[in-house]
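Trainee: Quick check, what structure comes out for this input:
(4 chains, ligands or ions: 4)
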Amino acid sequence: MTYSNKPMAKVDTPLIEINNLSYAYPRRGSVLKDVNFSLYESERVVVNGDNGAGKTTLLHLIVGLKKAKQGDIIGFGETCKTEKEFNKLRAKAGLLFQDPDDQLFCPTVLEDVMFGPLNLGFTKQQAIEKSLQTLKDLGMQGFESRITHQLSGGEKRMITLASVLVMEPKVLILDEPTNALDEKAKTRLVNVLQALPQAMIIISHDKLFSDKLATRQLNLKDGLLTEQLAATVAVA
Amino acid sequence: MTYSNKPMAKVDTPLIEINNLSYAYPRRGSVLKDVNFSLYESERVVVNGDNGAGKTTLLHLIVGLKKAKQGDIIGFGETCKTEKEFNKLRAKAGLLFQDPDDQLFCPTVLEDVMFGPLNLGFTKQQAIEKSLQTLKDLGMQGFESRITHQLSGGEKRMITLASVLVMEPKVLILDEPTNALDEKAKTRLVNVLQALPQAMIIISHDKLFSDKLATRQLNLKDGLLTEQLAATVAVA
Amino acid sequence: MSQGLEHSLTSWSGQALKHQASWIDDIDARVRVVCSGLFALVVVSSQHFVPALLGLLCAFLLVKSSKLNIKRTLRRVVAMDLFMLMLICVLPFTTPGDPIFSVFGLTASWQGLLHALLITVKANAVLLVLFSLVATMSASTLGHALAHLKVPDKLVHLMLFMVRYLDVISQEYKKMRRAMQARAFVLRTNRHTWKSIGYLFGMLLIRSVERAERISDAMKCRGFCGRYYLNDEMKIGRVDVVFGVAFLCFLVLLIGLNIDDLFK
Amino acid sequence: MHIVDGALSSPVLITGAVLTVIGVFIGLKKMDYDHLPLVGVLASVFFIASYIHLPLGFSSVHLIMNGLLGILLGWVAFPALLVALLLQVIFFGFGGLLVLGVNTLNIALPAVIIYYLCYKGIRHESAKVAAIWGAIGGAGAIIITSLMVAFSLALSGESFVLAAKAVLPAHIPIMIIEGFVSYAAVYLIHTVKPEFITKDAH
Ligand SMILES: Nc1ncnc2c1ncn2[C@@H]1O[C@H](COP(=O)(O)OP(=O)(O)OP(=O)(O)O)[C@@H](O)[C@H]1O
Ligand SMILES: Nc1ncnc2c1ncn2[C@@H]1O[C@H](COP(=O)(O)OP(=O)(O)OP(=O)(O)O)[C@@H](O)[C@H]1O
Ligand SMILES: [Mg+2]
Ligand SMILES: [Mg+2]
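Mentor: Ligands and ions are numbered 1, 2, ... in the order given. All right, here's what the predicted structure looks like:
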């Protein structure tokens, strides 16, 4: 595969760094308290946590879909504050949503995958080529003219993955990618993800799945993000 | 609790019986093929199956929301074919939907719970009394004047359960009741369900949850419903 | 600015405007609805400044006593007043009358200016009374009140359904909108933007129609046979009568001020 | 788009109110209780459409989408829009209470007209053709709406004629945007769920 094979300037600068991040929902109170976190090249970090622990919130904060009242987010060496800065970050950090249905809004698969490149300023022709290539890399060739709304859960997940990968992100952020997938689709996804070179942040409730992928496991509880001690670490 | 404590005439006549049921969606092809199934008194049957296996479709067929092209549904000794017959069946077989938001359509909790009894012909006064009693039985007293769409996920689930139980069904049919519930709400739901005397058909992806409740487990795969062999059966 | 507007609107889910408990909350919803309706009728048909200004004063008093969040209330009124500002700029030039000043050969007239100001006063008075009397109840209470006031049943239930599902659908909208944002989508003035928003909107429609089908199913499962019911008893108490009578007297005073030839 | 209280003359207000009552009456007659969930949900989608602000040069416009609503709902657009506008007046302060009749008429009548104009075209088996009719409906509804707004102003007095004349050009960009957005929306619905358009909503 062909994604982001330019080496980073220095391997020990984190790709994404979070400093003292706190967040609270209006009526619910504090969800994240003083979270610190760094993601380095070719890491696959799994974040565990109960329902409602704030995992999705954390991911949305990282790419600036929600704005933190306190704390810094440093993406690829630049502190992000404004919408414009975050927009630059989002092109490099692809986020896969918890529910594929929320992410697929175009009539056909090809149009949906093209959406990202078009936003990045590619021409239509380039966007089509890139999209077809990405679909092929994921083994989804032949799906381009299928109608998104009529795909099965597993297929939808693969298409959302394609629509993120086509933007050639340096970091992949996956919010419960195995949600509502059956075993076969899960195994397929693990294989695809293991073959990708990107650094990843993954949320998963699925122990087996995360153990297979994780190079580091974290735990989010009571708003605090801590290193998981009894981490079983896969071979990177 | 006071639901359906009249004994059935004979214990060995099934409450719900399905014979040779088949179903296909227009563009998708066959979803259920020749399904046979019987539910007996005080059973709690869990149906497992991958996403898109057709579990929800099966439940909707049982209560006649979709009409099978082939096969019989016999509810409480009577074969159901027409909308009128199914309407009678639905009063005795309460269905809990996958998404509580689809089921709570009245402005306040009390109105929502009352909706069923009023349709069954009870007077307003009786309906209110029944509803308050049911809410109390489920430990939800004090919620009656709350506005439905401002409830939390777990609360919504309990209210939908109340709005089904208030109709005093003989059978409960639950479509992924633990969907989007956190651990605490799940435990609460298990306790409530275990205390209920009704026979149940339950769909759940949650292994722990279903093991706690099931007296029998079935598996739906490739349109066929089969007995799960390695079933772990809880004490009924 | 457009982003801010969008945000503040999509978070509404049928609840009352933010306010602290006050004596106005204790007044029967029907009385509040009827009073504000009559108020609008009287104030809008006023021909003179005195009754209109009195109405505005009354509106301020009601806003104060309903303990509305002043900042938010003002923000809503200001949005409308921006439109009024345009009117104030145009009307003086298009109404013939005694000149104030003239630019580029156009003459501004006192009559036009006064007319524009009168409209501004009226519109603000009506809105503020609506905010303090009606918007301080939740939309479902409003629905119940309308039902008691013999508004057609279907219309009331339509409103209740709408209020119920606004929040659900706006959540779906926001999620999809965020997913687009996450793929580096920025709203611009171009066809790509319009097409994408069109797709988003179409998808929202489809998901909503599918939801409506599921709701219908859920209603069938509970024995629905073509009738909706509303449950709540509304009783007129002493407070309601006192408030109603006082308010009516005030309105009669305003009408009287209008009839009086004093100002002619 | 929303006219405020106090600006229009009584004859215009009364005419608007009477016509709206008639429209709502026809709409309610055509709407069964069974369709309430569908109409309620669709009305909420259109309520949300008016939250969507699209940038236009240095300012921004919000969608109205009454053309598409009309195509889907026909006469039922009247009650749906009346309720939506009522909620907007009370909780957001858009428009006014007494002009509710006029405002509803100005938005709902174009919707109904578009329903009759585009009824056939939107059901064309080719998605592209149907979408073009959708675009015509979307843009057309805005033209009719702005004409009606202009008329309600002009009929209310000499002094409003200039404002009325300004209404039409001010709506041209909105018209173009709505046309494109409606095109895409109809195209999507036609590809993804054609039965939604082809079968009658009421
Ligand atoms: N818009 C909101 N307003 C108020 N509270 C919210 C909002 N969104 C989420 N929350 C609350 O914030 C908490 C964290 O939500 P979040 O979605 O981040 O959890 P999560 O860890 O992703 O859970 P899950 O495993 O269910 O996806 C939850 O308790 C949730 O109820
Ligand atoms: N209206 C429809 N038209 C065409 N196909 C449909 C329709 N509804 C469902 N299907 C398809 O039928 C299959 C069975 O759907 P069903 O909802 O019964 O699955 P399920 O077992 O409940 O899955 P889940 O675990 O996701 O709830 C799926 O493949 C689905 O895509
Ligand atoms: Mg989450
Ligand atoms: Mg299902």
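Trainee: Give the buried residues for stretch C:228-241.
Mentor: C:228, C:230-232, C:234, C:240 (16 or more other Cβ atoms under 10 Å in any protein chain shown). The way it works is simple: take the backbone N, C-alpha and C, and place the C-beta from them, glycine included.
Trainee: ugh, wrong one, stretch A:61-71
Mentor: Neighbour counts over stretch A:61-71 (16+ other Cβ under 10 Å) mark A:61-66, A:68, A:71 as buried.
Trainee: Among these, which lie within helices?
Mentor: A:61-62 (DSSP state H).
Trainee: And A:Ile202, how far from C:Phe243?
Mentor: According to Cβ to Cβ, to the nearest Å, A:Ile202 stands 60 Å off from C:Phe243.
Trainee: more neighbours, those two?
Mentor: The residue with more neighbours, out of A:Ile202 and C:Phe243, is A:Ile202; 24 against 20, by other Cβ atoms under 10 Å in any protein chain shown.
Trainee: Note down every partner strand of whichever strand or helix holds the more buried one and its orientation.
Mentor: Per DSSP states H and E, A:Ile202 falls inside strand A:199-203. Paired strands of strand A:199-203, with direction, are strand A:44-48 (parallel), strand A:171-175 (parallel) (DSSP bridges).
Trainee: sorry, back to before: from the buried residues of stretch C:228-241, which single one is nearest C:Ala125?
Mentor: Comparing the buried residues of stretch C:228-241 against C:Ala125 with Cβ to Cβ places C:Asp240 closest, at 22.6 Å.
Trainee: Could you say which helix or strand holds the closest one?
Mentor: helix C:238-259.
Trainee: counting contacts, what elements does the helix or strand harbouring A:Glu129 pack onto?
Mentor: When elements are assigned from DSSP H and E, A:Glu129 belongs to helix A:124-137. Where contact means 3 or more Cβ pairs under 8 Å, 6 or more residues apart in numbering or on different chains; DSSP states H and E, helix A:124-137 is packed against helix A:109-120, helix A:153-165.
Trainee: May I have the predicted confidence score for whatever residue of chain C ends up closest to ligand 3?
Mentor: Relative to ligand 3, the nearest point of chain C is C:Lys175 (11.4 Å; Cβ to the ion). As summarised for this prediction, C:Lys175 has a pLDDT of 92.
Trainee: wouldn't it be in contact with A:Asp99 here?
Mentor: Yes: counting by Cβ atoms under 8 Å, A:Asp99 is a contact partner of C:Lys175 at 7.3 Å.
Trainee: about what we covered before: can you list contacts of the helix holding A:Glu129?
Mentor: Here helix A:124-137 makes contact (Cβ atoms under 8 Å, 6 or more residues apart in numbering or on different chains) with A:1-2, A:109-110, A:113-114, A:117-118, A:122, A:141, A:143-144, A:162, A:165-166.
Trainee: Could you work out the most separated pair of those residues?
Mentor: With Cβ to Cβ as the measure, no two of the contacts of helix A:124-137 lie farther apart than A:Met1 and A:Leu118, at 21.7 Å.
Trainee: Of the two, which one has the most company?
Mentor: Higher neighbour count among A:Met1 and A:Leu118: A:Leu118, with 21 against 14, using other Cβ under 10 Å.
Trainee: all helices for chain D, in order.
Mentor: Along chain D, counting by DSSP H, helices occupy D:10-30, D:36-49, D:66-73, D:77-92, D:100-118, D:127-154, D:161-192, D:194-198.
Trainee: Can you tell me which of these is packed in deepest?
Mentor: With neighbours defined as mean count of other Cβ atoms under 10 Å in any protein chain shown, the helices of chain D peak in mean count at helix D:66-73, which reaches a mean of 30.
Trainee: Next, the residues that contact that helix from outside, please.
Mentor: Contacting residues not belonging to helix D:66-73 are listed as C:205, D:39, D:42, D:46, D:77, D:80-81, D:107-108, D:110-115, D:118-119, D:122, D:134, D:137-142, D:145, D:178, D:182, D:185-186, D:197, D:201-202 [Cβ under 8 Å, 6+ apart].
Trainee: Averaged pLDDT, it. What do you get?
Mentor: Helix D:66-73 shows an average pLDDT of 93 in the prediction.
Trainee: how close does D:Gly93 sit to A:Pro26?
Mentor: Taking Cβ to Cβ, one finds D:Gly93 at 22 Å from A:Pro26.
Trainee: now A:Glu83
Mentor: Distance of A:Glu83 to A:Pro26, given as Cβ to Cβ: 21 Å.
Trainee: which stretches of chain D aren't confidently modelled?
Mentor: Scanning chain D for pLDDT under 70 picks out D:1, D:199-202.
Trainee: repeat for chain A
Mentor: A:1-11, A:180, A:229-236.
Trainee: interface residues of it facing chain B?
Mentor: Contacts of chain A with chain B, taken as Cβ under 8 Å from any Cβ of the partner chain, map to A:50-52, A:150, A:152-154, A:180-183.
Trainee: Any chance of these in TSV with secondary structure and neighbour count as columns?
Mentor: Compiled in TSV, these are given as follows (DSSP: H, G, I helix; E, B strand; the rest coil; neighbours: other Cβ atoms under 10 Å in any protein chain shown):
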residue	secondary structure	neighbour count
A:Asp50	coil	15
A:Asn51	coil	15
A:Gly52	coil	18
A:Gln150	helix	12
A:Ser152	coil	15
A:Gly153	helix	16
A:Gly154	helix	21
A:Ala180	coil	19
A:Leu181	coil	24
A:Asp182	coil	18
A:Glu183	helix	10
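Trainee: Just put those residues in JSON lines and tack on distance to D:Gly27.
Mentor: JSON lines is the format used below for the residues of chain A next to chain B (distance: Cβ to Cβ, whole Å):
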{"residue": "A:Asp50", "distance to D:Gly27": "48"}
{"residue": "A:Asn51", "distance to D:Gly27": "43"}
{"residue": "A:Gly52", "distance to D:Gly27": "43"}
{"residue": "A:Gln150", "distance to D:Gly27": "33"}
{"residue": "A:Ser152", "distance to D:Gly27": "40"}
{"residue": "A:Gly153", "distance to D:Gly27": "39"}
{"residue": "A:Gly154", "distance to D:Gly27": "43"}
{"residue": "A:Ala180", "distance to D:Gly27": "40"}
{"residue": "A:Leu181", "distance to D:Gly27": "45"}
{"residue": "A:Asp182", "distance to D:Gly27": "46"}
{"residue": "A:Glu183", "distance to D:Gly27": "51"}
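Trainee: Looking at the residues you listed, which two lie furthest apart in space?
Mentor: A:Asp50 and A:Gln150 (33.8 Å).
Trainee: wait, what's in contact with D:Ser159?
Mentor: D:Ser159 touches C:91, C:94-95, C:112, C:115, counting by Cβ under 8 Å, 6+ apart.
Trainee: For these, which entry has the maximal number of neighbours?
Mentor: Most neighbours among these, by other Cβ under 10 Å: C:Leu91, with 25 neighbours.
Trainee: what sits up against the host helix or strand of it?
Mentor: Remark: C:Leu91 resides in helix C:70-94, with elements defined by DSSP H and E. Residues outside helix C:70-94 that contact it (Cβ under 8 Å, 6+ apart): C:8, C:17-18, C:63, C:100, C:106-110, C:112-113, C:115-117, C:119-120, C:123-124, C:127-128, C:131, D:4, D:7, D:92-94, D:158-163, D:166.
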